[in-house]
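Undergrad: Below is the structure, and that's it, no one-letter string:
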């Protein structure tokens, strides 16, 4: 089995002080949707979990009854990630909370170290303050840099704004990034990758979430790898994630995994093609987009991949 | 008849730094403390006093107090030095400067030869101190290090600690290849990694070497090295600025084991570094730091706080007021500026002393605003909160510092080590001339000290003082002559000035009755030599608590 299949997907959560990273992290820990998540944070004090949920606390690692763990980043990323590597067998994924002034793009590089695979950079943005923050002489650069690093953006506090305010906030973000903008509270499963399931091309766990737009496409013929670049560029703005387990024409015996997280696309080889993969012989690809994304656009986009 | 002996040390000169009795012929020591100063005759009149002539050739000053350095300076010396300036190791050996990449290669070759006899073939060769700012237009890469060895992994940590250069043998051992897809691993035209690892994530790929490099920092050997460097620089009080784990029992024990040992030749004040958190966690942490004061001993001090809010000017990561850096950029916040007050509030309310690293002037603004807010909430008398580094501080900021009852610890060594680079590359000649403006600070009534920030620059208070007195860059350019201070002012800054900022001025910093018998023992009198020779005054050694520690 290719060791890359054993790599834990690592999602980076960045955003300035007060944007709502902690709220998001706490929501994930309270209801991880069946995922066993290792959450790395700067301070355990921020973690607000019910007493009943805490299974063990050895000072460096908090273990929760739902299979999640929290590790402190106080001793640095290298040590914290090492600790996670030792627990890899009982985890499904990792979420790293970057400090309020941290650079999410730099932290995302840790996802390319052994044992992990990049699962995107999510930057949380306070919709009610982002415009003033971006022009602030002291922190404007810092905040703009975070937005520019994002694969996905999560807009919080939009309820404090009227629709003009929301448009203005989203406009400021659009000036800096083409990443899809999610609204808080976010469906946690949008934060994670998805699997085209054999026989059913729907993203796992999305059955109940009718708000978002989903689409899947089975593939009958191996896909030319050269399609990929144009396909990436043609991505409709609302696309949050897409995943394909496919056969490329250039490597038809290889099980290739295509992952899209907002702006980022990665392709990895994940062992030999067995023939048991979902799809019509050459795999399948699924995509999920924010509410309001025209489904026809998604269908057309996926169609481009296969042609 | 007193129960303890009184020893009288006549000297060639005694400069007490005590304005009540600034000079003397001799010093009387009893029970590890200064009993009195005066003429030999006066002191011999003390009951039971006996003369000890060991120091009669020397000039005695108070032991120097270094209020900004790091215990890690000792740990670095466990690796091979290959920096741009001559530097003396903890055993006194002088390591010549590596002025070219060829020099670096030669230095590493020497180290490799030693390892060939003493270590296994895959043991990594670890080096430190390389600063690319001195090599514009050239880069140390793997093919240079391959000239040293194609079998032993080599890891050269840069001065910034955010960059490392490694050889092909290391990359092969750690699986760093053309397929390594991580931002900090630059590749050549044929797609092969050139041997630079940029930023912590990429550096961590050199796992064995990286772990070894840092693993030794907290060893006993590291602390002993730190102490040895103190002895031959005339330093008797050091700081470790700072440590996130300083309130933990195991960490306190680690310090005690070495520093409390009779042979450890210095006092050490350990500052705690807060971790940002919730109000509750910060209040708990502040209570723990306050409680850790009880763990202090004769030579160890716990209970002060250090926060870092920006980066460094020569690393392009300090936070500056406009016009920012020459190339228009600004640096990095290490803490969100609006969070500084919230983080420090519990510590301030607990009555603790807080030093904040603020290199750029925008960072200083943030610290000053924070102190003002904290004092408005919780007024305190004689808090002595200090702005550390404080390099581009303007007169208006110095006035505020004085008005707020704060102190400044200025990085005078920068004028020598990076003055030329500041003038040409970071902030330009005008601001470079205004950097570390000790004259302005003193004239505006700011309690002043100056520091080495070892290992950033070498531990050595005489050099720090020389830099502030002469303001000469490494190429001999006089940078900012108006900001020069006198020898007397500089020596005050490296003794009482520093002691004041550590709240230890009741016990060290001058040769005064009942203070610790801590002395810097010099072979020449710094008050009578040409000021340009101040850094070359030979240090015979120190006295700590009445015990002599010769440099050899």
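TA: That came in fine, so what should we check first? Small disclaimer: the values here were computed from a predicted structure and weren't measured.
Undergrad: ok, residue 169 - how many residues close by?
TA: Just going to use chain A. 23 (other CB atoms under 10 Å in any protein chain shown). The way it works is simple: take the backbone N, C-alpha and C, and place the C-beta from them, glycine included.
Undergrad: actually chain B
TA: 22.
Undergrad: Just to check, it is in contact with residue B:152?
TA: Yes. Counting by CB atoms under 8 Å, residue B:152 is a contact partner of residue B:169 at 6.1 Å.
Undergrad: which residue does the stretch 1-150 of chain A bring closest to chain B?
TA: Closest to chain B within the stretch 1-150 of chain A is residue A:45: 3.2 Å, counting by CB to the nearest CB.
Undergrad: Number of residues surrounding that residue?
TA: Neighbourhood size, residue A:45 [other CB under 10 Å]: 17.
Undergrad: In contact with it, which residues?
TA: When contacts are counted by CB atoms under 8 Å, 6 or more residues apart in numbering or on different chains, residue A:45 touches B:277-278, B:280-281.
Undergrad: Quick one, which of those are buried?
TA: The neighbour-count test (16 or more other CB atoms under 10 Å in any protein chain shown) marks B:277-278, B:281 as buried among the contacts of residue A:45.
Undergrad: Okay, and which of the contacts of residue A:45 map to helices?
TA: Taking DSSP state H as the definition of helices, the contacts of residue A:45 contribute B:280-281.
Undergrad: what about residue B:36, helix or strand, and which?
TA: strand B:33-38 (DSSP states H and E).
Undergrad: and that strand, what's its mean pLDDT?
TA: Across strand B:33-38, pLDDT averages out at 98.
Undergrad: same deal with stretch B:337-348?
TA: 96.
Undergrad: if we can go back for a sec, now the buried ones among the contacts of residue A:45 in a markdown table, please, with extra columns for distance to chain A and pLDDT.
TA: As requested, the buried ones among the contacts of residue A:45 are arranged in a markdown table below (distance: CB to the nearest CB, whole Å; pLDDT from 0 to 100):
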| residue | distance to chain A | pLDDT |
| --- | --- | --- |
| B:277 | 4 | 79 |
| B:278 | 4 | 81 |
| B:281 | 3 | 86 |
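Undergrad: Pipe those residues into TSV and attach distance to residue B:312 per row.
TA: TSV is the format used below for these (distance: CB to CB, whole Å):
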residue	distance to residue B:312
B:277	25
B:278	30
B:281	28
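Undergrad: ok, now which ones touch the residue nearest to residue A:261 when sequence neighbours are not counted?
TA: Spatial nearest neighbour of residue A:261, excluding adjacent residues (CB to CB, 6 or more residues apart in numbering or on different chains): residue A:120 at 3.2 Å. Residues counted as contacts of residue A:120 (CB under 8 Å, 6+ apart) are A:11-12, A:151-152, A:241, A:261-262, A:264.
Undergrad: Next, the contact list for the closest residue in space to residue B:151 that isn't next to it in sequence, please.
TA: Leaving out its chain neighbours, the residue that sits closest to residue B:151 by CB to CB, 6+ apart is residue B:169, at 5.5 Å. Applying CB under 8 Å, 6+ apart to residue B:169 gives the contacts B:146, B:149-154.
Undergrad: where's residue B:169, which helix or strand?
TA: helix B:168-174.
Undergrad: swap in residue A:55?
TA: Going by DSSP H and E, residue A:55 is in strand A:54-57.
Undergrad: Parallel or antiparallel, list what pairs with whichever helix or strand comes after that strand.
TA: Next helix or strand after strand A:54-57 toward the C-terminus (DSSP H and E): strand A:61-64. Its sheet considered, strand A:61-64 pairs with strand A:54-57 (antiparallel), strand A:69-72 (antiparallel) by DSSP bridges.
Undergrad: what packs against the helix or strand bottoming out on mean pLDDT in chain B?
TA: Least confident helix or strand of chain B, by mean pLDDT, DSSP states H and E, is helix B:279-292 with a mean of 93. Using 3 or more CB pairs under 8 Å, 6 or more residues apart in numbering or on different chains; DSSP states H and E, the elements in contact with helix B:279-292 are strand B:267-272, strand B:300-308, helix B:340-349.
Undergrad: what residues does that helix touch?
TA: With contact meaning CB under 8 Å, 6+ apart, helix B:279-292 is reached by A:43-45, B:246-247, B:252, B:272, B:274-275, B:277, B:302-305, B:342-343, B:345-347, B:349-352.
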